[in-house]
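Q: Need coordinates for the below:
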Amino acid sequence: MNGRRYDALVVGAGPAGSIAALVLARGGASVALVDKASFPRDKACGDLVGPRGVQLLADLGIEVPGATHVDDMVVVGPTGRRVRLPCQEGETYPGHAIAMPRCRFDAVLHEAAVDAGAQPIAARVADPQFGRDGELEGFSIAGGSTVCADAVIGADGATSRVAEVAGLVEPRRVLWGFALRAYLDDPVTVPNIVFWEERPWRGFPGYGWLFPGVDGRANVGLGLGVLADRAAGARATRAFDAFAEDLGRAGVLTGRRDSMSSRLGGWLKMGMVGTTPARGRVLLSGDAAGLVNPLQGEGISQAMASGRAAAEALLAGPYRSAARYRKFLATTYVPYQSITAPIHGSLLPRAIAVAAVGRILTAPPVGRTVAGGWSIFWNDLLAGARPGSGRRLAATAATLGGLITGPGRTKRWFSRSVATEDSVGG
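A: Model prediction:
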């Protein structure tokens, strides 16, 4: 690899990195796509791709053979009460999601990027390489080689090496999450989100799930937010078996728990807080940029959209590519994240409040009334939603959320770190 310089180096070949590499390669750029793993490889995830992600795949002409179509979702409250959230077709997205194990989904995207012309490199990045201007331009990899480029996209997940060496992360401000998932034999057809209490009125600071899979296998998982305390992530592992047992008692999980296998955990970085998404010639996408939804943990759709936007920002020219990319994020994600990140941060430490929210929202009169708007707001689908009562309720929730969170520290952080003014480098 020594001696060849690429137009762009993409570190991480998950959904964000593979889409970025694909768009760059289709645009005529020379691209190195580096990942520590060879594909296919497994990844801890709920395996759902939301409506916006489904639309992006269609826009790029990427087919995902064997994916399961998913529409409505059921939310199960701490008392066992259930609310069905409708998946409504929008003006800019379809009325369904898809489910596919990440082992297969990511391999499809990786293959598409390579077919488009990206150069795959299976290696772990090591020592950073800096240009004469002091900016990151690449890494050394196994065997003593180096991979350098005119621009770097960090798509290497929540614990991004690119973000770390480029000085784009403030770890003590990040909203960290940890999730553990497994597969088991259970022919689930409708996704279930579970607001769980480890004991009465002590809400778990996250949620559990039971999602459809393929070949009669379901995805069961438990995720929690830990704010800046990553040591607390082990709680999900400790509580997992008790959660699965409660799902069985509640009749949500009907499959045999002794068929459970492939347990795998992973870190999430939510709400964009604590991460500057772009500076100079370094752009972060997906989990590396902290784009995971702070309310329900979705990240694949945002990963793919941000990978595409980062690539398009670079293809428009190296000058001010970071500012162009930040403008996309400021327009597309900051309005939602700047409301939901403070809500996430204030609610998680309050177990009784977490329990109360879960019980109130799943109480039949409340759930039936708010289901349409809840689905749109919770899944960040307000932009592009069709006119109607659900959209009006979601817009009201967004307005109230903005008023409740106010111009606090988190919003000031967004103004400073996702700025697009000429005075900011990039």
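
Q: Spit out the contact partners of the residue lying closest to residue 364 once chain neighbours are set aside.
A: Of all residues not flanking residue 364 in the chain, residue 81 sits nearest, at 6.4 Å (Cβ to Cβ, 6 or more residues apart in numbering). Where C-beta positions appear, they are placed from N, C-alpha and C, glycine not excepted. Residue 81 makes contacts with 362, 363, 364, 367, as judged by Cβ atoms under 8 Å, 6 or more residues apart in numbering.

Q: Pull the most distant pair out of these.
A: 362 and 364 (8.1 Å; Cβ to Cβ).

Q: returning to what we had before: mind checking which of the contacts of residue 81 are buried?
A: Using 16 or more other Cβ atoms under 10 Å as the burial test, the contacts of residue 81 include 362, 367 as buried.

Q: so what's the most centrally placed residue in the chain closest to, chain neighbours aside?
A: Centroid-nearest residue in the chain: residue 299, 1.5 Å away (criterion: Cα atoms, centre = their mean). For residue 299, ignoring the flanking residues on the chain, the nearest one in space by Cβ to Cβ, 6+ apart is residue 292 at 4.1 Å.

Q: OK, contacts around that neighbour?
A: By Cβ under 8 Å, 6+ apart, the contact list for residue 292 reads 158, 177, 268, 269, 270, 271, 298, 299, 302.

Q: Now, these that are in strands?
A: Judged by DSSP state E, strands contain the following of those: 177, 268, 269, 270.

Q: separation between the residue nearest to the centre of the chain and residue 271?
A: Using Cβ to Cβ, to the nearest Å, we find residue 299 at a distance of 11 Å from residue 271.

Q: try residue 233
A: 16 Å.

Q: Just want to know which of those two has more residues nearby.
A: residue 271 (30 against 21; other Cβ atoms under 10 Å).

Q: Got the confidence number for that one?
A: pLDDT for residue 271: 97.

Q: so where does the closest residue in space to it that isn't next to it in sequence fall, helix or strand?
A: Excluding its sequence neighbours, the residue lying closest to residue 271 (Cβ to Cβ, 6+ apart) is residue 341, at 3.1 Å. Using DSSP states H and E, residue 341 maps to helix 334-347.

Q: what inclination does whichever helix or strand comes after that helix have with respect to helix 334-347?
A: Per DSSP H and E, the first helix or strand lying C-terminal to helix 334-347 is helix 351-361. Calculated by axes from the mean of the first three to the mean of the last three Cα atoms, to 10 degrees, helix 351-361 forms an angle of 120 degrees with helix 334-347.

Q: Contacts for the helix holding residue 341, please.
A: Contacts of helix 334-347 (Cβ under 8 Å, 6+ apart): 175, 225, 227, 270-273, 291, 293-295, 353-354, 357, 380, 382, 398, 401-402, 404-405, 408, 410-411, 414, 418.

Q: Quick one: distance of it to the chain centre.
A: Its chain's average C-alpha position is 15 Å from that of helix 334-347, according to Cα atoms, centre = their mean, to the nearest Å.

Q: picking up where we left off before, would you mind measuring from the residue nearest to residue 364 to residue 29?
A: 52 Å.

Q: Please determine how far residue 50 is located from residue 15.
A: Taking Cβ to Cβ, one finds residue 50 at 12 Å from residue 15.

Q: Same question for residue 124.
A: Distance from residue 124 to residue 15, by Cβ to Cβ: 20 Å.

Q: Other residues contacting stretch 115-123?
A: Here stretch 115-123 has contacts from 1, 6, 10, 13, 21-22, 24-26, 30-38, 110, 113-114, 141-143, 147, using Cβ under 8 Å, 6+ apart.

Q: about what we covered before: common neighbours of residue 50 and residue 15, please.
A: Joint contacts of residue 50 and residue 15 (Cβ under 8 Å, 6+ apart) are residue 300.

Q: For the stretch 201-350 of the chain, which segments count as helices?
A: Ranges of helices in the stretch 201-350 of the chain, per DSSP state H, counting those that start in this stretch, are 234-249, 300-315, 321-332, 334-347.

Q: Out of the contacts of stretch 115-123, list just those in helices.
A: Judged by DSSP state H, helices contain the following of the contacts of stretch 115-123: 21, 22, 24, 25, 26, 110, 113, 114.

Q: ok, so of those residues, who is nearest residue 103?
A: residue 110 (11.1 Å).

Q: Give the buried residues for stretch 51-66.
A: Within stretch 51-66, the residues that count as buried by 16+ other Cβ under 10 Å are 51, 52, 53, 54, 55, 56, 57, 60, 62.

Q: Also stretch 240-255?
A: 240, 243, 244, 246, 247, 250, 252, 253, 255.

Q: Averaged pLDDT, it. What do you get?
A: 94.

Q: Determine how far that stretch lies from the middle of the whole chain.
A: 26 Å.

Q: Same check on stretch 55-64?
A: 18 Å.

Q: still on that earlier bit, run the angle between the helix holding residue 341 and helix 321-332 for me.
A: 70 degrees.

Q: In contact with the closest residue to residue 217 other than its chain neighbours: list those residues for me.
A: Leaving out its chain neighbours, the residue that sits closest to residue 217 by Cβ to Cβ, 6+ apart is residue 183, at 4.9 Å. Going by Cβ under 8 Å, 6+ apart, residue 183 touches 101, 213, 217, 218, 219, 220, 260, 261, 262.

Q: Which of those fall within strands?
A: Among those, the ones falling in strands (DSSP E) are 217, 218, 219, 220, 261, 262.

Q: Make CSV from those residues and add distance to residue 285 to it.
A: Below are these laid out as CSV (distance: Cβ to Cβ, whole Å):
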residue, distance to residue 285
217, 30
218, 29
219, 24
220, 28
261, 31
262, 27
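
Q: Tell me the most packed of these, by neighbour count.
A: For those, neighbours tallied by other Cβ under 10 Å; top is residue 220, 30 neighbours.

Q: surely it meets residue 194?
A: No: counting by Cβ atoms under 8 Å, residue 220 stays clear of residue 194, with 9.7 Å between them.

Q: which residues of the stretch 1-150 of the chain score low on pLDDT?
A: 1-3 (pLDDT under 70).

Q: Show me the strands in it, by range?
A: 5-11, 31-35, 48-49, 68-70, 73-76, 82-85, 97-99, 119-122, 128-130, 136-140, 146-154 (DSSP state E, counting those that start in this stretch).

Q: can I get the CA coordinates of the first one in PDB?
A: What follows is the C-alpha trace of strand 5-11 in PDB, where atoms were taken according to Å, rounded to 0.1, in the frame of the first residue of the first chain:
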ATOM      1  CA  ARG A   5      -2.400   7.800  -2.400                       C
ATOM      2  CA  TYR A   6      -6.200   7.600  -2.600                       C
ATOM      3  CA  ASP A   7      -8.700  10.400  -3.000                       C
ATOM      4  CA  ALA A   8     -10.500   9.100   0.100                       C
ATOM      5  CA  LEU A   9      -9.800   6.700   2.900                       C
ATOM      6  CA  VAL A  10     -12.900   5.200   4.500                       C
ATOM      7  CA  VAL A  11     -12.200   3.500   7.800                       C
END
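
Q: Good, we can wrap up now.
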